[in-house]
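A.B. asks: Just a sequence and a predicted model for now, questions to come.
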Protein chains: 2
Amino acid sequence: MTEKQLKEILSEGKSLIEQRLKEYMSLIADENDPVKKAMEYSLMIGGKRLRPILTLQFCKACGVSEERAVPFACAVEMIHTYSLIHDDLPCMDNDDLRRGKPSCHIAFGEENALLAGDGLLNLAFETVSGRFGDISIPAENQIKAIGYLSSCSGIDGMIGGQTLDLMSENKSISLQQLIRIHNLKTGAMIRSACVLGAIVAGADKKTVECAEIYGNNIGLAFQIIDDILDITGDEKALGKPVGSDRENKKSTFPTLLGIKTSREYAQELTQSAKEALSAFENAEFLSSLADYLLHREK
Amino acid sequence: MTEKQLKEILSEGKSLIEQRLKEYMSLIADENDPVKKAMEYSLMIGGKRLRPILTLQFCKACGVSEERAVPFACAVEMIHTYSLIHDDLPCMDNDDLRRGKPSCHIAFGEENALLAGDGLLNLAFETVSGRFGDISIPAENQIKAIGYLSSCSGIDGMIGGQTLDLMSENKSISLQQLIRIHNLKTGAMIRSACVLGAIVAGADKKTVECAEIYGNNIGLAFQIIDDILDITGDEKALGKPVGSDRENKKSTFPTLLGIKTSREYAQELTQSAKEALSAFENAEFLSSLADYLLHREK
């Protein structure tokens, strides 16, 4: 697949997700204005929509129309967004900017940002349990998807990763601990995005496991490249200042392994991710995406 | 039913719920210690466990063993607890005490309290989607229960009520607005508790609607009595200072209607709740409970 074709699919997926998210938000009562607006602001502020696109594309790779996966893909993006809102709060990372714009609590106040985060986490589960009437898969698979999603976002998944990350602040940690943190903090929801697509498509256990392997591997590779770009990246291309990890004295893959070994590690992970794709009918995009994420410059 | 019998059932329900909540928490990874401990602290700090008991008793009133409703009852309590943790945070009500003990963020720090709240909201959905292997109802009913629960706790339910409550701070509001706030802020989860019990028992649509009516009515009556007790109550019996509403210049039922009319309104609501119980096989406890909540002194 050419890079042009890949970018077209990414762009189509992004449009599809953003349109549906907008539709969902239009169905929420207007009386809750400040919090509804805060939810919408953070949800629509942009981003690559990588996670929901993975959900759509895994469904497609199993031979099922991506339309069926849209509500699940949107739920993954809602949970990702809520985690960013809460992460930016003063008691957490205290970040005033997100994607170059005022973060949610700067734009809407802390109390509305707190409730907007809660509201988005909750809305994810409303969405996958059928609030918007756009789910058409057997109830057993739907329960499986909700269970998988909730375990990845919860205390033994993403929230666990946020906890470990807080615990490791200003401490030197081992490579093993660093991997553990990222496998949970960013990896769990990337894995969930992949697996949900397969579950929604009605894939068998072995295929679902291959989606897990792909998700785990590109999730970690994604974080390693993020860490490298924080050292070598171009601020203009990235749209954010580089060097923040060093400033915050954070343990990262390059600080523990050096840049060269970190990049090799990301390459190995990408390779493993691509090998797991043999279980799928049509995984050309997912294979190209793994390479694209490895070589990205922003 | 005598008050002694009623209190026995309340006490048995409380034990059953607290035991299961403890079991669930023991199954969460210990590596997330500070947040896990914060979740457990707030979950086990006590309270009447009114909401989960309603879930158990509605299941029983439909002729089905209350055991089947336990995971759903526990989920309701988790969501109630998360909402209290987030409500107590400095950017919300900034309360240092909860049930006479340090609130979660005082005991564990704001960042851990934030994540503990997120973790409990998420754990509720993990629980009802089967994380703990204790659900044995048809998948269709399970989805129905998850959908109902999530709509009651979300932006058009409890979170919507919290939003309206924030918006009404330091403003004089109408009786209609006050009812709307409480129907969402406390009423939605009380209604959800009742309805979940009926759904889990496999009740038909009409019966579920009767559970809704009961929940709506006792939910509002509960709040009116709370408001009255904040004026007339005994601090020692209540375990919290009275007069806080007046101090905070909050609009309450007594400030808008006077104490006498407020009590009459609560009586009417209780009567309507009891009438809705005719749809159930065995609702003696639920009928006595409505009266007990009306006449409570704490």
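C.D. replies: Happy to help now that I have it. Numbering: from 1, shown residues only, chains lettered A, B, ... in the order given.
A.B. asks: how about whichever strand or helix holds A:Met189, does it get close to chain B?
C.D. replies: For A:Met189, the host element (DSSP states H and E) is helix A:188-200. No. Using C-beta under 8 Å from any C-beta of the partner chain, helix A:188-200 never reaches chain B; the gap is at least 11.6 Å. In short, each C-beta sits where N, CA and C put it, glycine included.
A.B. asks: hey, C-alpha coordinates of that helix in CSV?
C.D. replies: Extracted in CSV, the C-alpha atoms of helix A:188-200 (Å, rounded to 0.1, in the frame of the first residue of the first chain):
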residue,chain,number,x,y,z
ALA,A,188,-4.2,-1.2,27.2
MET,A,189,-6.5,1.1,25.2
ILE,A,190,-4.6,0.6,21.9
ARG,A,191,-5.0,-3.1,22.5
SER,A,192,-8.6,-2.7,23.4
ALA,A,193,-9.2,-0.7,20.2
CYS,A,194,-7.8,-3.6,18.1
VAL,A,195,-9.6,-6.4,20.0
LEU,A,196,-12.9,-4.6,19.9
GLY,A,197,-12.9,-4.5,16.1
ALA,A,198,-12.3,-8.3,16.0
ILE,A,199,-14.9,-9.1,18.7
VAL,A,200,-17.5,-6.9,16.9
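A.B. asks: how far is that helix from where the chain is centred?
C.D. replies: 10 Å (C-alpha atoms, centre = their mean, to the nearest Å).
A.B. asks: again, but for stretch A:81-93
C.D. replies: 15 Å.
A.B. asks: any idea how far the closest residue to A:Glu3 other than its chain neighbours is from A:Glu77?
C.D. replies: Excluding its sequence neighbours, the residue lying closest to A:Glu3 (C-beta to C-beta, 6 or more residues apart in numbering or on different chains) is A:Tyr292, at 7.1 Å. For A:Tyr292, the distance to A:Glu77 (C-beta to C-beta, to the nearest Å) stands at 19 Å.
A.B. asks: Counting neighbours, go ahead and name the busier of the two.
C.D. replies: A:Glu77 (26 against 16; other C-beta atoms under 10 Å in any protein chain shown).
A.B. asks: dump the residue contacts of the more buried one.
C.D. replies: A:17, A:21, A:43, A:49, A:51-52 (C-beta atoms under 8 Å, 6 or more residues apart in numbering or on different chains).
A.B. asks: Likewise for A:Tyr41?
C.D. replies: A:104, A:107-108, A:116.
A.B. asks: among the residues you listed, who's most crowded?
C.D. replies: Most surrounded of these: other C-beta under 10 Å gives A:Ala116, at 31 neighbours.
A.B. asks: just checking, it touches A:Ser42?
C.D. replies: Yes. If you go by C-beta atoms under 8 Å, A:Ala116 and A:Ser42 touch, sitting 6.4 Å apart.
A.B. asks: Common neighbours of these two, please.
C.D. replies: A:85, A:104.
A.B. asks: Which single helix of chain A contains the most residues?
C.D. replies: helix A:205-232 (DSSP state H).
A.B. asks: looking just at contacts, which helices and strands does it meet?
C.D. replies: When contacts are defined as 3 or more C-beta pairs under 8 Å, 6 or more residues apart in numbering or on different chains; DSSP states H and E, helix A:205-232 packs onto helix A:175-182, helix A:188-200, helix A:244-247, helix A:253-257, helix A:259-275, helix A:284-295.
A.B. asks: Once you drop chain neighbours, what's closest to A:Pro90?
C.D. replies: A:Glu110 (6.7 Å).
A.B. asks: any low-confidence regions in the stretch 151-298 of chain A?
C.D. replies: A:238-239 (pLDDT under 70).
A.B. asks: What parts of it come near chain B?
C.D. replies: So far as C-beta under 8 Å from any C-beta goes, the stretch 151-298 of chain A lies against chain B at A:151, A:153-156, A:159-160, A:162-164, A:166-167, A:180.
A.B. asks: do the same with the stretch 1-150 of chain A
C.D. replies: Counting by C-beta under 8 Å from any C-beta, the stretch 1-150 of chain A sits next to chain B at A:28-29, A:31-36, A:39, A:82, A:86, A:89, A:91-92, A:109-112, A:114-115, A:117-119, A:121-123, A:125-126, A:129-131, A:138-140, A:142-143, A:146-147, A:150.
A.B. asks: Got a PyMOL select line for the buried ones in these?
C.D. replies: A single PyMOL command suffices to select whichever of the residues of the stretch 1-150 of chain A next to chain B are buried according to 16 or more other C-beta atoms under 10 Å in any protein chain shown:
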select buried, chain A and resi 28+32+34+35+36+39+82+86+89+91+92+110+111+112+114+115+117+118+119+121+122+123+125+126+129+130+131+139+142+143+146+147+150
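A.B. asks: circling back to that earlier point, now do the longest helix of chain A and helix A:188-200, the angle between them.
C.D. replies: 150 degrees (axes from the mean of the first three to the mean of the last three C-alpha atoms, to 10 degrees).
A.B. asks: Please identify the buried residues of helix A:205-232?
C.D. replies: So, applying 16+ other C-beta under 10 Å, buried residues of helix A:205-232: A:207-208, A:210-230.
A.B. asks: Helix A:284-295 and that helix, what's the angle between them?
C.D. replies: Going by the same axes, to 10 degrees, helix A:205-232 makes 30 degrees with helix A:284-295.
A.B. asks: B:Glu66: which of the helices and strands packed on helix A:205-232 is closest?
C.D. replies: helix A:188-200 (31.6 Å; C-beta to C-beta).
A.B. asks: Grab the nearest non-local neighbour of A:Lys60.
C.D. replies: Nearest to A:Lys60 is A:Glu66, by C-beta to C-beta, 6+ apart, at 4.7 Å.
A.B. asks: Settle this for me: the one you found is touching A:Leu54, isn't it.
C.D. replies: No. Checked against C-beta under 8 Å, the pair A:Glu66 and A:Leu54 is beyond contact range at 10.9 Å.
A.B. asks: Look at the residue nearest in space to the middle of chain A and tell me its secondary structure.
C.D. replies: The residue lying closest to the centre of chain A (C-alpha atoms, centre = their mean) is A:Arg51, at 4.2 Å. Put simply, A:Arg51 is helix when judged by DSSP: H, G, I helix; E, B strand; the rest coil.
A.B. asks: so how many other residues sit close to the spatially closest residue to it that is not a sequence neighbour?
C.D. replies: Once flanking residues are discounted, A:Arg51 sits nearest to A:Ala193: 4.1 Å by C-beta to C-beta, 6+ apart. Residues contacting A:Ala193 under the criterion other C-beta under 10 Å number 31.
A.B. asks: Show the contacting residues for A:Ala193.
C.D. replies: A:50-52, A:54-55, A:58, A:73, A:76, A:215.
A.B. asks: Identify, from those, the entry nearest to chain B.
C.D. replies: A:Val76 (13.7 Å; C-beta to the nearest C-beta).
A.B. asks: Check the secondary structure at that closest one for me.
C.D. replies: Secondary structure, three-state DSSP: A:Val76 is helix.
A.B. asks: Could you measure from it over to A:Asp95?
C.D. replies: With C-beta to C-beta as the criterion, A:Val76 and A:Asp95 are 22 Å apart.
A.B. asks: Pick out whichever of those two has more residues nearby.
C.D. replies: Ranked by neighbour count (other C-beta under 10 Å), A:Val76 and A:Asp95 place A:Val76 first, with 31 against 14.
A.B. asks: is it true that that one touches A:Arg51?
C.D. replies: Yes. If you go by C-beta under 8 Å, A:Val76 and A:Arg51 touch, sitting 4.8 Å apart.
A.B. asks: In helices only, show me the residues of the stretch 1-150 of chain A next to chain B.
C.D. replies: Those of the residues of the stretch 1-150 of chain A next to chain B lying in helices (DSSP H): A:33-36, A:39, A:82, A:86, A:110-112, A:114-115, A:117-119, A:121-123, A:125-126, A:139-140, A:142-143, A:146-147, A:150.
A.B. asks: Just the pLDDT at the residue sitting furthest away from the middle of chain A, thanks.
C.D. replies: What lies farthest from the middle of chain A is A:Glu31; by C-alpha atoms, centre = their mean that is 30.1 Å. pLDDT, A:Glu31: 83.
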